[in-house]
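In: following is a predicted model, sequence given first.
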Amino acid sequence: MFDFSGKSVLVTGGTSGIGAAIAAAFEAAGAEVRALGLETGLDVSQPGTVVAAVEGLERLDVLVNAAGVIRRLEEHSPEVFAKVIDINLNGAMRMCSACHGLLRESKGSVVNVASMLSFLGSGPAPAYSASKGGLAQLTKSLAISWAADGIRVNALAPGWIETPLTLALREDPERREAIVKRTPMGRWGKPEDVAGPALFLASSAASFMTGVILPVDGGYLIG
């Protein structure tokens, strides 16, 4: 559906879950993909590894920020709260800043992976929810700031997706069923369900779209 032949794509959090599915989809569409995660040495909370991730890139057309963590009830600790914010929100800004020059040269785009919790609160996961709310606002702010550079900045807001981060919820029959009942499409999403919208936002088909926070949630937010 989309052709990214000759394009260079960098995906953080690209070794598992949603990030891995997005990386695979870009590769299938012809892009040269650098998929990075903790397993490959990228810790977005460490400025040094962020710089190293970008070094050596001669071109970059798309940056996908999919790196993220959730600690749920532990996030009520100020120390854990700060760590989650540093990875999910500050980490995305570190990557955006490091890639800005390359994206300006290519007139490229950024796709941030936010969450439906960019719109909803979460009692068990206050840091995750706050970080994703902040990521939505960062997306809008950079979209305004970088439009003059020809860079589009958008975000995806996935709902309940079958990834390692949601394993505990999926193993709880009561919570799993409650989520399915509220979701109009009647199922959990798969990482591949998020990949197509990511390619769309990065493609020329979305050339007049920037600052968008696009829900990919099976209708959960309207349920």
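Out: Here it is on my side, so go on. Residues are numbered from 1 along each chain as shown.

In: quick check: buried residues in the helix or strand harbouring Arg94?
Out: Arg94 is part of helix 91-106 when elements are defined by DSSP states H and E. Judged by neighbour count (16 or more other CB atoms under 10 Å), helix 91-106 contains these buried residues: Gly91, Ala92, Met93, Arg94, Met95, Cys96, Ala98, Cys99, His100, Leu102, Leu103, Ser106. Placement of C-beta: from N, CA and C, glycine included.

In: what residues are up against the first one?
Out: Pointing back at Gly91 there. By CB atoms under 8 Å, 6 or more residues apart in numbering, Gly91 lies in contact with Thr12, Val44, Ser45, Val50, Asn65, Ala67.

In: mind checking how far the longest helix anywhere in the chain is from the chain centre?
Out: Criterion DSSP state H: the longest helix present in the chain is helix 126-146. Centroid displacement of helix 126-146 relative to its chain, using CA atoms, centre = their mean, to the nearest Å, is 11 Å.

In: show me what the helix or strand just after that helix is packed against.
Out: Moving toward the C-terminus from helix 126-146, the next helix or strand (DSSP H and E) is strand 152-158. The contact analysis (3 or more CB pairs under 8 Å, 6 or more residues apart in numbering; DSSP states H and E) places strand 152-158 against strand 109-113, helix 126-146, helix 191-202, strand 213-216.

In: list the contacts of strand 152-158.
Out: 18, 96, 108-116, 118-119, 132, 135-136, 139, 142-143, 146, 189, 194, 197-198, 201, 206-207, 209-217.

In: next: stretch 73-80.
Out: Counting by CB under 8 Å, 6+ apart, Arg71, Phe81, Val84, Pro124, Ala125, Pro126, Ala127, Tyr128 sit against stretch 73-80.

In: okay, buried residues for stretch 213-220 please.
Out: Of the residues in stretch 213-220, those buried (16+ other CB under 10 Å) are Ile213, Leu214, Pro215, Val216, Asp217, Gly218, Tyr220.

In: cool, stretch 42-61 as well?
Out: Here stretch 42-61 shows Leu42, Asp43, Val44, Ser45, Thr49, Val50, Ala53, Val54, Leu60, Asp61 as buried, counting by 16+ other CB under 10 Å.

In: and the furthest pair within the residues you listed?
Out: Of all pairs drawn from these, the widest gap by CB to CB lies between Ser45 and Asp61 and measures 25.5 Å.

In: got the contact list for the nearest residue to Ala25 once chain neighbours are set aside?
Out: Nearest non-adjacent residue to Ala25, counting by CB to CB, 6 or more residues apart in numbering: Ala195, 3.7 Å away. Contacts were defined as CB under 8 Å, 6+ apart; by that measure Ala195 touches Ile18, Ala21, Ile22, Ala24, Ala25.

In: with Leu102 instead?
Out: Val54, Leu57, Arg59, Leu60, Gly108.

In: now tabulate these in CSV and tack on secondary structure, pLDDT and distance to Ile161.
Out: What follows is the contacts of Leu102, written out as CSV (DSSP: H, G, I helix; E, B strand; the rest coil; pLDDT from 0 to 100; distance: CB to CB, whole Å):
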residue, secondary structure, pLDDT, distance to Ile161
Val54, helix, 96, 27
Leu57, coil, 95, 29
Arg59, coil, 97, 30
Leu60, coil, 98, 26
Gly108, coil, 98, 26
